[in-house]
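1. Predicted coordinates and the sequence they were generated for:
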Amino acid sequence: MCFSATASFSAGVVLSAIGIASIKKANHKSHLLFASIPLIFGVQQVAEGLVWITLPHPDLVNIQKLAAFTFLFFAQTVWPLWVPIAVFLMEKSNTRKPIQIIPIVSGLLVSGYLTYCLMTFSVEAKIRGYHIAYLQDYPVSLRDYAILLYALATIVPLFLSHVKLMWVLGVIIFTSYIVTAIFYEHYILSVWCFFSSIISIFIYLIIAETSKLEKPLPLLKIQNAVYETDR
């Protein structure tokens, strides 16, 4: 997270707890990927907490590099694929599903590209004031395309979902990205991941509401349905 090690670890613990609660609240397997998002954000925030406490100590450089790589792996490899697939699995409308394939393809492309960059080009984390800057020597010529594909993969699916509350989450995350880009231009990766992780608390509400509306049939009703079918 962008403020301090304490803030990162605290957010990690809170988000992990919310993630576990969301997973427990989900009563459909198709909801599990989406419900797991706060938990994964929690792991990501713990990783950045380790970046905070290891950067000032040269003797811990190996741990620092692993923690920074873990944070960036989630930010650049996991999220562009996880989000569109999670939303797709929750979709009940057959007319919307074909459209939702587009963000998944976009996520596959940008995730593959950013993973290649992460493994190939130099990456360095630095503390600058109350923020962590990730200096990435990625090709500048493809930067705008990567940003566009990333947004298509992580934000657009929320507006394509049949789940009523999903678009609200999309609006909030998109707004947070704009605010981050304007006020934290040089720390956008760290700051936006922080805002997104806090916003992901809203995911619990979505899972709770969706699970309430899509409760699985009681065993007795299932048995009666089978009996009627046999007749």
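-> Good, I have the coordinates.

2. Quick one: low-confidence residue ranges for this protein.
-> 1-3, 183-194, 196-198, 213-231 (pLDDT under 70).

3. can you map out the strands along it?
-> Secondary structure of the chain (DSSP state E): strands located at 123-128, 131-136.

4. what about T77, neighbour count?
-> Neighbours of T77 under the rule other C-beta atoms under 10 Å: 20. C-beta coordinates here come from the backbone N, C-alpha and C atoms, glycine included.

5. picking that back up, and the strands of the chain as JSON lines, adding mean neighbour count and distance to K97?
-> JSON lines is the format used below for those (neighbours: other C-beta atoms under 10 Å; distance: least, C-beta to C-beta, whole Å):
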{"stretch": "strand 123-128", "mean neighbour count": "14", "distance to K97": "36"}
{"stretch": "strand 131-136", "mean neighbour count": "18", "distance to K97": "34"}
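
6. And the residue positioned nearest the centre of the chain, how far from K24?
-> Taking C-alpha atoms, centre = their mean, the centroid of the chain lies closest to W79, which sits 4.6 Å from it. Counting by C-beta to C-beta, to the nearest Å, the gap from W79 to K24 is 23 Å.

7. now swap in S141 and tell me
-> S141 is 46 Å from K24, by C-beta to C-beta.

8. Please identify which of these two sits among more neighbours.
-> K24 (10 against 7).

9. neighbouring contacts of the top helix by length along the chain?
-> Secondary structure of the chain per DSSP state H: the longest helix is helix 97-120. Helix 97-120 has contacts (C-beta atoms under 8 Å, 6 or more residues apart in numbering) with 69, 72-73, 76-78, 80-81, 83-85, 87-88, 91, 136, 138-139, 142, 146, 149-150, 152-154, 156-157, 160-161.

10. angle of that helix against strand 123-128?
-> 90 degrees (axes from the mean of the first three to the mean of the last three C-alpha atoms, to 10 degrees).

11. ok, what's across the strand from I127?
-> I132 (DSSP bridges).

12. What separation do you get for it and T120?
-> For I127 relative to T120 (C-beta to C-beta), the value is 25 Å.

13. likewise I132?
-> For I132 relative to T120 (C-beta to C-beta), the value is 22 Å.

14. One more: F202?
-> 35 Å.

15. for L89, same thing?
-> 31 Å.

16. okay, the two: which has more neighbours?
-> Using other C-beta under 10 Å as the criterion, L89 and T120 rank with L89 on top: 16 against 11.

17. and the nearest residue to that one once chain neighbours are set aside, how many neighbours?
-> Excluding the flanking residues, the one nearest L89 by C-beta to C-beta, 6 or more residues apart in numbering is S30, at 4.5 Å. By other C-beta under 10 Å, 15 other residues sit near S30.

18. got it, and the one 5 residues further on?
-> For A35, the neighbour count with other C-beta under 10 Å is 27.

19. V105 now?
-> 13.

20. swap in Y130?
-> 10.

21. now swap in M119 and tell me
-> Other residues within reach of M119, judged by other C-beta under 10 Å, total 11.

22. Can you give me the distance of it to A125?
-> Relative to A125, and taking C-beta to C-beta, M119 is found at 16 Å.

23. With F34 instead?
-> To A125, F34 is 29 Å away according to C-beta to C-beta.
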